[in-house]
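**Q** just to be clear, the model below is a prediction. Sequence and coordinates:
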Amino acid sequence: MTTIIDGKQLAKDLNAQTQQRVAKLAERGITPGLAVIIVGDDPASALYVRNKHRKAVKLGIKSVVRELPATVSQADLMGVVTEYNQDPTINGILVQSPLPRGLDEQAVVAAIDPKKDVDGFHPVNVGRLFNNLPGNYPVSCTPRGIMTMLASLHIHLRGKHAVVVGRSRIVGRPMAAMLLNADMTVTTAHVYTKHLSDVTREADVLVVATGVAHLIKANDVKPGAIVIDVGMDRDDQGKLTGDVDFDGVFDRVGAITPVPGGVGPMTIATLMQQTVDICEWSEQRGNQ
């Protein structure tokens, strides 16, 4: 029988844990702080930022949303990042992607203090992840949320084969690193991979993050596989759907995430979790 991995419920449980941690910090007079910088008026970005802000406030996290015009200069944007780097009440800094044309997003991410890089995109933290270094540091939220989802299945990952279809710096690349760090054998593929179906059919765990609706169909998956669908696409009727043909593969796989209600809620919940992590790490270093 196929298991539907309920991202909404897992996110609810994770948020409850985060809220408890925030309350314990409050007993010591500490409030985790998250600063989100949004540039321009992209509707999707604005929606994401509102959702993050509401969730943070609900959990007791200080949430600051800094709205900048699309005409902001690179220097002024970097100045805002520096301002939050130096603000002791802010633990996590996030610059909402994508930035308007003309702005160097990589330079902005690199300007964030690695200790406050709540998205886990800073080259220093990416390097730590890929080298599987010990210690406390933030990592990309969507892959970390997916690892939480896999842990909820109470299965052994060591030695099994994972295939990640997608190579973005937000999901695909860090996802491959986390699975490799979990002692899995990892293959990274993408939409240009030749004979992609032959590759995906080898996966015990298949993570798909391409942005191509229903790229993965029933004959592309191994019977009993765990399928994690990161896609947020629109079908011909404008309905939200994933990179995996959910109905087509459902009876063939062991477990699968739905779209919506799968990976999406876990990404925001993990962002909140990581904000509190960074606050606690900062306290441990004596920076409060």
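**A** Great, that's in hand.

**Q** drop to CA atoms for contacts and neighbour counts, all remaining ones
**A** Fine.

**Q** where does the prediction get shaky in the chain?
**A** Residues of the chain meeting the criterion pLDDT under 70: 287-288.

**Q** residue boundaries of the strands in it?
**A** 3-4, 33-39, 62-68, 92-95, 161-165, 185-189, 205-208, 226-229, 233-234, 240-241, 255-256 (DSSP state E).

**Q** so for residue 101, which of these sits nearest?
**A** Evaluated with C-alpha to C-alpha, the strands of the chain place strand 33-39 nearest to residue 101, the distance being 10.7 Å.

**Q** pull up the pairing partners for that closest one, direction included.
**A** According to DSSP bridges, strand 33-39 forms sheet pairs with strand 62-68 (parallel), strand 92-95 (parallel).

**Q** what comes into contact with that strand?
**A** Contact with strand 33-39 is made by 45-46, 49, 56, 61-70, 72, 84, 89-97, 99-100, 275, 279, as judged by C-alpha atoms under 8 Å, 6 or more residues apart in numbering.

**Q** please redo it, this time with the cut-off set to 7 Å
**A** Strand 33-39 has contacts (C-alpha atoms under 7 Å, 6 or more residues apart in numbering) with 61-70, 89-96, 99, 275.

**Q** rewinding a little: would you turn the strands of the chain into TSV with distance to residue 80?
**A** Below are these laid out as TSV (distance: least, C-alpha to C-alpha, whole Å):
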stretch	distance to residue 80
strand 3-4	42
strand 33-39	8
strand 62-68	9
strand 92-95	10
strand 161-165	35
strand 185-189	36
strand 205-208	35
strand 226-229	35
strand 233-234	33
strand 240-241	35
strand 255-256	41
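
**Q** residues in contact with the closest residue to residue 2 other than its chain neighbours?
**A** Of all residues not flanking residue 2 in the chain, residue 254 sits nearest, at 4.8 Å (C-alpha to C-alpha, 6 or more residues apart in numbering). The contact partners of residue 254, by C-alpha under 7 Å, 6+ apart, come to 1, 2, 3, 224, 225, 226.

**Q** mind running it again at 8 Å?
**A** Taking C-alpha under 8 Å, 6+ apart, we find residue 254 in contact with 1, 2, 3, 223, 224, 225, 226.

**Q** wait, what's in contact with residue 199?
**A** Counting by C-alpha under 8 Å, 6+ apart, residue 199 makes contact with 163, 189.
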